[in-house]
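**Q** Kindly generate the corresponding structure for this input.
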Amino acid sequence: MLVTISLPSVHAETYQPLSSIHDAAKAFVLQHARGGRVEVDTGTVDPRLKLPLCTDTLQAFLPPGGRVGSISSVGIRCQKPKPWSLYVPMRVKIFTHVITASHPLLPGSRISLGDFQTIEMDVANLPTGYLSTSEQVLNKVLKRPLGMGAVFSPEVVGAAPLIRRGEQVILLAETQGMQIRASGKALKDGAEGAVIQVRNLSSQRIIEGVVTSAGIVKIIM
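**A** Residues are numbered from 1 along each chain as shown. Below is the predicted model:
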């Protein structure tokens, strides 16, 4: 009696599970995203793909010029036994607390407690960044207008001036262990650390100095 036994074909191929590709892309984003609560949605990879089973670790990477906070896809590649690579479409959300304007604000405004509020929002696609604590905005000066609900970024706030243009100030110079003081008139506003021009009220000379505190300008020797 002849007995026939069906054996698996030696040519049969095993394919990479598409779920493992999605998992590798999502794990990459969760590992590298920073700044708050992260939500990741992976798009669909073409289910018709038949990629050889990877015997090496799947490698995830960003497209050229990509960054985790604003990515639209993550690359996945395999080196062995047959190299392949593809991009997995992604949507990344990073939720954290940010400071926003509680009403319209004009440039030059000195920011008080009633001018801002803290809310949680997706910051993954805020190209100019954001501020997240009240200390970063309170008593600062607005550089440009903000509408109600607009996000405060580092670019829109500056330190409040300690010296105002036209204000009389004390000029302070230090040389050879001696300290010399004179009266001057500020020719422009200046925050702490700013270099401003001051007119010496005795000599009428215009000199430059560094604002060190309210009403004090240290002369640059």
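**Q** Quick check: the residue most central in space within the chain vs residue 41, distance?
**A** Centroid-nearest residue in the chain: residue 129, 4.0 Å away (criterion: Cα atoms, centre = their mean). Separation of residue 129 from residue 41 (Cβ to Cβ, to the nearest Å): 24 Å. In this view, the C-beta of every residue, glycine as well, is placed from N, C-alpha and C.
**Q** And the lowest-mean-pLDDT helix or strand in the chain, what does it pack against?
**A** Of all helical and strand segments in the chain, the minimum by mean pLDDT, DSSP states H and E falls on strand 37-42, at a mean of 87. Applying 3 or more Cβ pairs under 8 Å, 6 or more residues apart in numbering; DSSP states H and E, one finds that strand 37-42 makes contact with helix 18-32, strand 84-101.
**Q** who does that strand pair up with?
**A** strand 84-101 (antiparallel) (DSSP bridges).
**Q** tell me the angle of the partner strand relative to helix 18-32?
**A** Counting by axes from the mean of the first three to the mean of the last three Cα atoms, to 10 degrees, strand 84-101 points 40 degrees away from the direction of helix 18-32.
**Q** Beyond strand 84-101, next helix or strand please.
**A** strand 116-122 (DSSP states H and E).
**Q** what residues does the next helix-or-strand element following that next one touch?
**A** Once the chain leaves strand 116-122, the next helix or strand it forms, by DSSP H and E, is strand 141-142. Around strand 141-142, the neighbours that count as contacts under Cβ atoms under 8 Å, 6 or more residues apart in numbering are 105-111, 156-161.
**Q** List buried residues within the residues you listed.
**A** Among those, those classed as buried by 16 or more other Cβ atoms under 10 Å are 105, 109, 111, 156-157, 161.
**Q** For residue 132, give me its contacts.
**A** 96-99, 118.
**Q** Could you report the neighbour count for the residue nearest to residue 78 when sequence neighbours are not counted?
**A** Among residues not flanking residue 78 along the chain, residue 54 sits closest, at 3.7 Å (Cβ to Cβ, 6 or more residues apart in numbering). Applying other Cβ atoms under 10 Å, we find 21 residues neighbouring residue 54.
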